[in-house]
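*Asks:* just the structure for this:
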Amino acid sequence: MIHVYQIPGKKSSEIVHRSDKTPPFRVILKYVGIMARKKILFVITKSVWGGAGKYVYDLATNLPADAFDIAVAAGGNGPLFQKLADAGIRTIYIPELDRDIHIGKELRSFHALRNLFEREQPDVIHLNSSKVGGLGGLAGRITAWRARKKMRIVFTVHGWGFLEDRHLFWRAAAFLASWASTLFQDAVILINSRDYAVAEKFIPRRKLALIQNGLSQHAFAAQEDARRFLSEKTGREIPTDALFIGTIAELTKNKGLNYLIDAAKHMHCHSRPASKCGINSSGNPDQRESGFPIKSGMTIRENAINPKIKFRFLIIGEGEDRIRLEQQIRDLHLEDTVFLLGFIPDAAQHLPGMDMFVLPSVKEGLPYVVMEAMAAGTPVIASNVGGIPDLIAHNETGVLVLPKNPQALAEAIELLIQNPEQRVLLGKRASDSVRTKFSLRAMLEKTQQLYDTAD
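*Replies:* Numbering: from 1, shown residues only. Sure, this is the predicted structure:
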């Protein structure tokens, strides 16, 4: 059960949630100033369950409770809040926060954050997402100055906004905003090496820290159970020998799911080269080259797939682009091939049911979902963007393709369909690699060290 209550002095619009696992006396003692633990306040724009949300969750629930007093503030009332409440973490709802940019909303968000910081008086403010990175940095700096208190302001970059596929003017404005925001931040965490290299060009190196995401332990479903579950979610009769080509992603432009759907259409062109299909709803010309060499011993035919081979594309997730993607599927007559399964709680546990995992993103930080697919032993095909090359060694622990390239995706998928032994080998290597190199413990230790430099 979750209790919703109001701390004296708080506005009614800022509500605190507490699960039964949080002892009431601990909440009371904290507010009368008896407990001496370092106070960490995480702030994230929305309480959705995505990469940034999982990052906040992993830190908030795994940092030592005897050393840190932790709370998480966010807009919305998404799955992140429920998960945190179930884990006994205090959450604060800020209705003024919204990812959309609007001058009136920004002013209200700024004042809400400043009021929050003045009441909470945290020792460390840990900001996540570009919007709160700027507004929260300025609000935190003003609050610290007014209170004559040292507040360490940390910002984690989950992918630079100015690298998004947008208009040049928007990207220039986003860059200036990112640069200005760092003036108010004491430390900037980069979660992948590419974003770190970009940061070095405009942020003092003393502020920078490369701390890659760490993978927590996962309980995966048995392969047969996972396949049965995914098949039932389609609502159709799926042949038992059909190959499942899956992904887990928020349905937004940055995830490039329209290119994956285009790739599915290419793969229906069994009797002629996919470049002659004449179907590309993304508006890009077909391209024959993936940009990466094919591994020796792995072959791909021009007329790539035997028509007897059955396959289905399963897209797990929700988001603002659902209607557009549904229309694309209808326009390409793929209703029996591509399925939007919606949001599935703890979807990663079903990864063993996929024959391969594809992430066609055009922008990424260091995607947890790729790490989870690798840990499950599911072979991964992903765009060569953001921190994905930090995770995947091409043709060793997965397959990399150029972004925004449906033909490259189709060829990579066809390649693995035709080489089942290579799928198994890639999955095994990937599992060994990610479990060795990306531990949650290392992420926690490095982050805690960054917090402790405030002392």
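
*Asks:* tell me the secondary structure at V154.
*Replies:* In three-state terms, and counting by DSSP: H, G, I helix; E, B strand; the rest coil, V154 is strand.

*Asks:* and it, what does it touch?
*Replies:* For V154, the set of contacting residues under the criterion of C-beta atoms under 8 Å, 6 or more residues apart in numbering consists of 124-127, 185-189, 450-451. No exception for glycine: its C-beta is placed from N, CA and C like everyone else's.

*Asks:* how much space separates the spatially closest residue to G317 that is not a sequence neighbour from L59?
*Replies:* Excluding its sequence neighbours, the residue lying closest to G317 (C-beta to C-beta, 6 or more residues apart in numbering) is A249, at 4.9 Å. Here the distance between A249 and L59 works out to 22 Å (C-beta to C-beta, to the nearest Å).

*Asks:* can you name the residues bridging to I245?
*Replies:* Using DSSP bridges, the beta-bridge partners of I245 come out as F313, M356.

*Asks:* check the gap between the residue nearest the centre of the chain and L243 for me.
*Replies:* When the chain is reduced to its mean C-alpha position, the closest residue under C-alpha atoms, centre = their mean turns out to be G51, at 2.3 Å. Using C-beta to C-beta, G51 is found at 27 Å from L243.

*Asks:* then P367?
*Replies:* The span separating P367 from L243 equals 23 Å under the rule C-beta to C-beta.

*Asks:* what's the burial count for the closest residue to F311 other than its chain neighbours?
*Replies:* Closest residue to F311 apart from its sequence neighbours, by C-beta to C-beta, 6+ apart: L243 at 4.3 Å. L243 is flanked by 19 other residues according to other C-beta atoms under 10 Å.

*Asks:* sorry, back to before: for the residue nearest to the centre of the chain, what are its contacts?
*Replies:* Counting by C-beta under 8 Å, 6+ apart, G51 makes contact with 158, 213, 365-369.

*Asks:* how much space between it and L41?
*Replies:* Relative to L41, G51 is positioned 20 Å away (C-beta to C-beta).

*Asks:* repeat that for L135.
*Replies:* Separation of L135 from L41 (C-beta to C-beta): 14 Å.

*Asks:* so where's this protein uncertain?
*Replies:* Within the chain, the segments meeting pLDDT under 70 span 1-35, 98-102, 104, 269-307, 454-455.

*Asks:* all strands of the stretch 251-400 of the chain, in order?
*Replies:* Assigned by DSSP state E, counting those that start in this stretch, the stretch 251-400 of the chain shows strands spanning 311-316, 338-342, 356-359, 380-383, 399-401.

*Asks:* quick check, distance from stretch 356-365 to the centre of its chain.
*Replies:* Centroid separation between stretch 356-365 and its chain, computed with C-alpha atoms, centre = their mean, to the nearest Å, is 10 Å.

*Asks:* apologies, that question was intended for stretch 355-365.
*Replies:* For stretch 355-365, the distance between its averaged C-alpha position and the chain's averaged C-alpha position is 11 Å (C-alpha atoms, centre = their mean).

*Asks:* just stretch 428-437 next, same as before
*Replies:* Between the centre of stretch 428-437 and the centre of its chain there are 20 Å (C-alpha atoms, centre = their mean).

*Asks:* list the buried ones in that stretch?
*Replies:* The neighbour-count criterion (16 or more other C-beta atoms under 10 Å) identifies 429-431, 433-434 as the buried residues of stretch 428-437.

*Asks:* those in helices, which ones?
*Replies:* Among the buried residues of stretch 428-437, the members found in helices (DSSP state H) are 429-431, 433-434.

*Asks:* just the helices in the stretch 201-350 of the chain please.
*Replies:* Remark: helices of the stretch 201-350 of the chain, listed N- to C-terminal, are 223-234, 257-266, 322-331; assignment by DSSP state H, counting those that start in this stretch.

*Asks:* now A71: which helix or strand?
*Replies:* Element membership for A71, per DSSP states H and E: strand 68-75.

*Asks:* just give me how far that strand sits from the chain centre.
*Replies:* Taking C-alpha atoms, centre = their mean, one finds strand 68-75 lying 19 Å from the centre of the chain it belongs to.

*Asks:* flag every buried residue along it.
*Replies:* Residues of strand 68-75 classed as buried: 68-75 (neighbour count, 16+ other C-beta under 10 Å).

*Asks:* count the residues that sit near the closest residue to L391 other than its chain neighbours.
*Replies:* Distances taken as C-beta to C-beta, 6+ apart put V370 closest to L391, at 5.5 Å, once the chain neighbours are dropped. The burial count assigned to V370 is 25, neighbours taken as other C-beta under 10 Å.

*Asks:* same check on the one 10 residues further on?
*Replies:* Burial measure for V380: 28 neighbouring residues, criterion other C-beta under 10 Å.

*Asks:* quick thing: my sequence starts at 54, can you match it?
*Replies:* Let's use 54 as the start, then, which means that last one is V433.

*Asks:* residue contacts, it?
*Replies:* Under the criterion of C-beta under 8 Å, 6+ apart, the contact list for V433 reads 409-412, 423, 426-427, 445, 450-452, 479, 483.

*Asks:* pull up the pairing partners for the helix or strand containing K92, direction included.
*Replies:* Here K92 sits within strand 91-99, counting by DSSP H and E. The strands beside strand 91-99 in its sheet (DSSP bridges) come out as strand 121-128 (parallel), strand 177-181 (parallel).

*Asks:* can you list contacts of the last one?
*Replies:* Taking contacts as C-beta under 8 Å, 6+ apart, the residues outside strand 177-181 that touch it are 91-98, 105, 108-109, 112, 170, 186, 189-190, 193, 204-209, 211, 238, 504, 507.

*Asks:* what about stretch 412-427, how long is it end to end?
*Replies:* In terms of C-alpha to C-alpha, to the nearest Å, the two terminal residues of stretch 412-427 are separated by 12 Å.

*Asks:* buried ones in it?
*Replies:* For stretch 412-427, using 16+ other C-beta under 10 Å, the buried residues are 412-427.

*Asks:* correct me, but K363 touches L296?
*Replies:* Yes - taking C-beta atoms under 8 Å as the definition, K363 is a contact partner of L296 at 6.8 Å.

*Asks:* ok so, going back, I'd like the strands paired with strand 91-99 laid out as JSON lines, including distance to D399.
*Replies:* Output for those, formatted as JSON lines (distance: least, C-beta to C-beta, whole Å):
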{"stretch": "strand 121-128", "distance to D399": "19"}
{"stretch": "strand 177-181", "distance to D399": "21"}
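
*Asks:* out of the ones you listed, nearest to I382?
*Replies:* Nearest to I382 among these is strand 121-128 (30.8 Å), distances taken as C-beta to C-beta.

*Asks:* could you list every helix and strand that the next helix or strand after the closest one packs against?
*Replies:* Using DSSP H and E, the next helix or strand after strand 121-128 towards the C-terminus is helix 132-139. Taking 3 or more C-beta pairs under 8 Å, 6 or more residues apart in numbering; DSSP states H and E as contact, the helices and strands that helix 132-139 lies on are strand 68-72, helix 104-115, strand 121-128, strand 143-146.

*Asks:* alright, calling it a day.
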